[in-house]
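**Q** Just to be clear, the model below is a prediction. Sequence and coordinates:
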Amino acid sequence: MAMDYAIEKYWQAVDVLVGSGPLQERLTFAAEYLMRLTDRNFPDRVDLAERHDAIMKKLTATPLGNTSQYLPRNLTDDEAEKLSREILSVFTELNGGL
């Protein structure tokens, strides 16, 4: 089922976000999981597909890395926190809410 894959990738993103290290760096790793999703992974949920697209636009505004390392997202702490909360919110919604 397409939504199961989206749930899995959002779970992986949330899991890396609660780890240690700078949030901007953790968002880079979260992007690695989320970039595997397309609109097809959100059947009948255009709202979630649009939210996912907005998240990805922010996460991939700059390359995720170069040939030798991952690059932290170029976001302020406030922007990084808001984006992390949006990722958690989409994950929660994918699971039917609270």
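**A** It's in.

**Q** give me the element residue 10 is part of.
**A** helix 2-17 (DSSP states H and E).

**Q** roughly how far out does that helix sit from the chain middle?
**A** Distance, stretch centre to chain centre, for helix 2-17: 8 Å (C-alpha atoms, centre = their mean, to the nearest Å).

**Q** Report the next helix or strand after it in sequence order.
**A** helix 23-34.

**Q** Would you mind putting the CA coordinates of the helix or strand just after that following helix into CSV?
**A** Next along the chain after helix 23-34, taking DSSP H and E as the criterion, comes helix 46-59. C-alpha atoms of helix 46-59 as CSV (Å, rounded to 0.1, in the frame of the first residue of the first chain):
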residue,chain,number,x,y,z
VAL,A,46,-3.8,15.8,-1.8
ASP,A,47,-3.5,17.8,1.3
LEU,A,48,-0.7,15.6,2.6
ALA,A,49,1.0,15.5,-0.8
GLU,A,50,1.0,19.3,-0.9
ARG,A,51,2.4,19.5,2.7
HIS,A,52,5.1,17.0,1.7
ASP,A,53,6.0,19.0,-1.4
ALA,A,54,6.3,22.2,0.8
ILE,A,55,8.6,20.3,3.2
MET,A,56,10.8,19.0,0.5
LYS,A,57,11.0,22.4,-1.2
LYS,A,58,12.5,23.8,2.1
LEU,A,59,14.7,20.8,2.7
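
**Q** what residues does the very next helix or strand once past helix 46-59 touch?
**A** Downstream of helix 46-59, the next assigned helix or strand under DSSP H and E is helix 77-94. Outside helix 77-94, the residues within contact range by C-beta atoms under 8 Å, 6 or more residues apart in numbering are 3, 6-7, 10-11, 13-14, 17, 23-24, 26-27, 30, 34, 48, 51-52, 54-55, 58-59, 73, 75, 98. C-beta coordinates here come from the backbone N, C-alpha and C atoms, glycine included.
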